[in-house]
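1. here is my input, please return the structure:
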Amino acid sequence: MKKMNVKNVTLLLVSIVLLIGCNNDDDSSIVSSDLAGVWHGVSVDYVGSTVTSGQGVSLKVDFVGEGYDINYDVTFNDAVDNMSASGSYGIKITTTFNGQSSVVNEEGLTFENEGSFSLEGDKIILEDGTIFTIVTLTETTLELNILDENTIEENGLTVVTTIDGDFTYIR
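-> Numbering: from 1, shown residues only. Model (predicted):
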């Protein structure tokens with residue numbers, strides 16, 4: 001009889017843990033009004049690689065981009081689910097190929113975009129299909145991540161570029 005009570009208590013505890021752990025009341029869902037307003041860009045950073053393949057040969061170049069002189073804003077208008085971005089930034093790009101690295105500074109790059117967006121869970125989807133994942137959203141900080149892969153096939157070559165970018169904004 002004592003074993004039966006232990007089993008029942010164990011079953012009850014497991015059930016409670018599962019119910020608490022599987023609670024679907026997600027109070028952290030993001031709505032357009034959470035994003036509404038002007039966000040000032042403070043960092044642009046990314047890592048990635050480009051792999052060029054053709055005629056049995058494959059070459060890989062890794063790169064790291066670190067933003068500087070960041071002077072752009074992103075504005076979300078929740079009334080019409082519209083966004084706009086404008087401004088400029090510089091980026092220090094370090095590329096590595098075959099163990100050799102080189103650094104290039106690209107200055108005065110523009111950050112321009114305007115159009116509608118939609119929210120699906122923690123994703124901001126721009127009308128051109130670009131998808132950003134919201135990593136952090138507080139009253140004062142917005143951190144976005146983008147994972148993008150682009151493939152170009154031309155003249156017997158295939159070029160695949162993969163980028164993992166992080167963008168941080170404050171207001």
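
2. from residue 51, how far off is residue 100?
-> 17 Å (CB to CB, to the nearest Å). C-betas here are computed from N, CA, C, even on glycine.

3. before we move on, what about residue 77?
-> On the measure of CB to CB, residue 77 and residue 51 end up 39 Å apart.

4. repeat that for residue 115.
-> 31 Å.

5. what does residue 125 give?
-> 27 Å.

6. more neighbours: which of residue 100 and residue 51?
-> residue 51 (15 against 7; other CB atoms under 10 Å).

7. that one: what's it in contact with?
-> Going by CB atoms under 8 Å, 6 or more residues apart in numbering, residue 51 touches 58, 59, 60, 61, 159, 160.

8. any low-confidence regions in this structure?
-> Within the chain, the stretches with pLDDT under 70 are 1-28.

9. that one: strands as residue ranges?
-> Here the chain has its strands, by DSSP state E, at 37-54, 57-77, 82-97, 100-110, 113-120, 123-126, 131-137, 141-154, 157-170.

10. tally of neighbours for residue 169?
-> Neighbours of residue 169 using other CB under 10 Å come to 22.

11. dead centre of the chain: give me the residue that sits there.
-> residue 145 (1.4 Å; CA atoms, centre = their mean).

12. which ones are touching the residue nearest to residue 66 when sequence neighbours are not counted?
-> Residue nearest to residue 66 in three dimensions, not counting chain neighbours: residue 92, with 4.7 Å by CB to CB, 6 or more residues apart in numbering. The contact partners of residue 92, by CB under 8 Å, 6+ apart, come to 65, 66, 67, 68, 103, 104, 105.

13. write the PyMOL selection for whichever of those residues are buried.
-> In PyMOL syntax, the buried subset of the contacts of residue 92 is picked out as below (16 or more other CB atoms under 10 Å):
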select buried, resi 65+66+67
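
14. which of the contacts of residue 92 lies closest to residue 135?
-> Residue 135 lies nearest to residue 67 out of these, by CB to CB, at 16.4 Å.

15. wouldn't the closest one be in contact with residue 43 here?
-> Yes - the criterion here is CB atoms under 8 Å, and residue 67 meets it with residue 43 at 5.8 Å.

16. in this structure residue 144 contacts residue 164, no?
-> No - the pair residue 144 and residue 164 fails to qualify as a contact (CB under 8 Å) at a distance of 11.9 Å.
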